[in-house]
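Visitor: Next comes the sequence, and after it the predicted model I'd like to discuss.
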Amino acid sequence: MATAIGDLGRERKRPLFARRHLFRPGEKDLPLQKGRRRRVLRPTHVLALFALQAAFFLGLREIYLFLITWDYLDIRKVEVVCAKDSLDRALRTHFATPRLGNILLCDLPALRADIRRLAWVKDASIQKVFPSTLRITVAVRTPFALLERGGLWLADEEGRVLEPVYSLDEYALPVFSDETGFASGFFDKWEAAGRCFRSLPANEQARLAGVRSDDYGSLELMFKDDPVRVVVGRVSPAGDLARFRSRRAAWEEFAGPLGVVEMSFDGRVFLRAAAPPPAGDPVPPPDQGQGD
């Protein structure tokens, strides 16, 4: 009896694309042969690299020296943008003579600090406009009130002195003063007076002649068309003033013409009558002289 075996006992080799790419534990891949050639850096190469670097930085140095000494980059024009005419003219006159040098070497922070030291300057920005122009933009301080402190001064909202004032008719602004001449606590008193002024209605602001502070926290209001001085508190000065306006007739009927109304105490009002006008001095009789 014959038995046909065929190809059952032979091991078939799988095609390449069917082989597994994962290795079993303990299996290793065949070592790869690298055909790269190892290069050796010789001393001449190192010297060449140093020479290239030195040439590069030397070139930069020469370009920099040329630019900072080039007459084409010298500042020849200064543009000023300022809302106050007198300050605008002063700055233009100051920068009329070219003396700022090369635009690359111009120290903008130092120049800005010098401009900000001026009394009317609140802030300033400076921009370089190549090749030879500077543009200066100035923000001007706004007058807020007159300060009575060793004289009369124009001041802004922060209490910064702007310029001396020689007549009250120059500015339609109230005068802020203090019993002690602002010997202490200037900024607190100035802020309290300014807050009081801003809290008043527009019609009362127009009538206000001045605000006088003291060391006890009260504010004395004086008006242009009214001899009565109204002392109010710092908490609600507008409310105290409105209460005085509403009750003035009744108080004058009770106490006569008023000179000072003290309203800075909670729940109490102190009235002081106006001082009587001074009596006129008697006119001496004419000198008759003596006869012979």
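Guide: The structure has been received and is ready for your questions.
Visitor: CA only for contacts and neighbour counts going forward, please
Guide: OK.
Visitor: Tell me where the model's unsure across the stretch 151-292 of the chain.
Guide: 277-292 (pLDDT under 70).
Visitor: As a check, name the ranges of all strands in the protein.
Guide: 77-81, 121-129, 133-140, 143-148, 152-156, 161-164, 175-178, 208-213, 218-223, 226-233, 258-262, 270-273 (DSSP state E).
Visitor: Would you reformat those as CSV and include mean neighbour count and distance to residue 246?
Guide: Shown next, in CSV, are these (neighbours: other CA atoms under 10 Å; distance: least, CA to CA, whole Å):
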stretch, mean neighbour count, distance to residue 246
strand 77-81, 17, 49
strand 121-129, 16, 41
strand 133-140, 18, 40
strand 143-148, 22, 28
strand 152-156, 21, 33
strand 161-164, 16, 37
strand 175-178, 23, 25
strand 208-213, 22, 18
strand 218-223, 23, 16
strand 226-233, 19, 13
strand 258-262, 19, 13
strand 270-273, 15, 15
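Visitor: Make CSV out of those strands and add distance to residue 240.
Guide: Below are the strands of the chain laid out as CSV (distance: least, CA to CA, whole Å):
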stretch, distance to residue 240
strand 77-81, 44
strand 121-129, 34
strand 133-140, 35
strand 143-148, 22
strand 152-156, 26
strand 161-164, 30
strand 175-178, 19
strand 208-213, 14
strand 218-223, 11
strand 226-233, 6
strand 258-262, 10
strand 270-273, 13
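Visitor: Indicate which one of those is closest to residue 60.
Guide: strand 121-129 (22.6 Å; CA to CA).
Visitor: Alpha carbons only: can I get the closest one in PDB?
Guide: Coordinates of each C-alpha in strand 121-129 appear next as PDB, following Å, rounded to 0.1, in the frame of the first residue of the first chain:
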ATOM      1  CA  VAL A 121       4.300 119.600  32.200                       C
ATOM      2  CA  LYS A 122       2.300 116.700  33.500                       C
ATOM      3  CA  ASP A 123       3.800 114.100  31.200                       C
ATOM      4  CA  ALA A 124       5.900 114.000  28.100                       C
ATOM      5  CA  SER A 125       6.700 111.400  25.400                       C
ATOM      6  CA  ILE A 126       9.700 111.600  23.000                       C
ATOM      7  CA  GLN A 127       9.900 109.700  19.700                       C
ATOM      8  CA  LYS A 128      12.900 109.400  17.300                       C
ATOM      9  CA  VAL A 129      12.000 110.100  13.700                       C
END
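Visitor: Which other helices and strands does that strand contact?
Guide: Contacts defined by 3 or more CA pairs under 8 Å, 6 or more residues apart in numbering; DSSP states H and E place strand 121-129 against helix 108-116, strand 133-140.
Visitor: Of those, which is nearest residue 219?
Guide: Per CA to CA, nearest to residue 219 of those: strand 133-140, 29.4 Å.
Visitor: What's the separation between residue 124 and residue 88?
Guide: In this view, residue 124 and residue 88 are 12 Å apart by CA to CA, to the nearest Å.
Visitor: Buried ones in the helix of greatest length in the chain, by neighbour count?
Guide: As assigned by DSSP state H, the longest helix anywhere in the chain is helix 43-68. By neighbour count on 16 or more other CA atoms under 10 Å, the buried set for helix 43-68 is residue 68.
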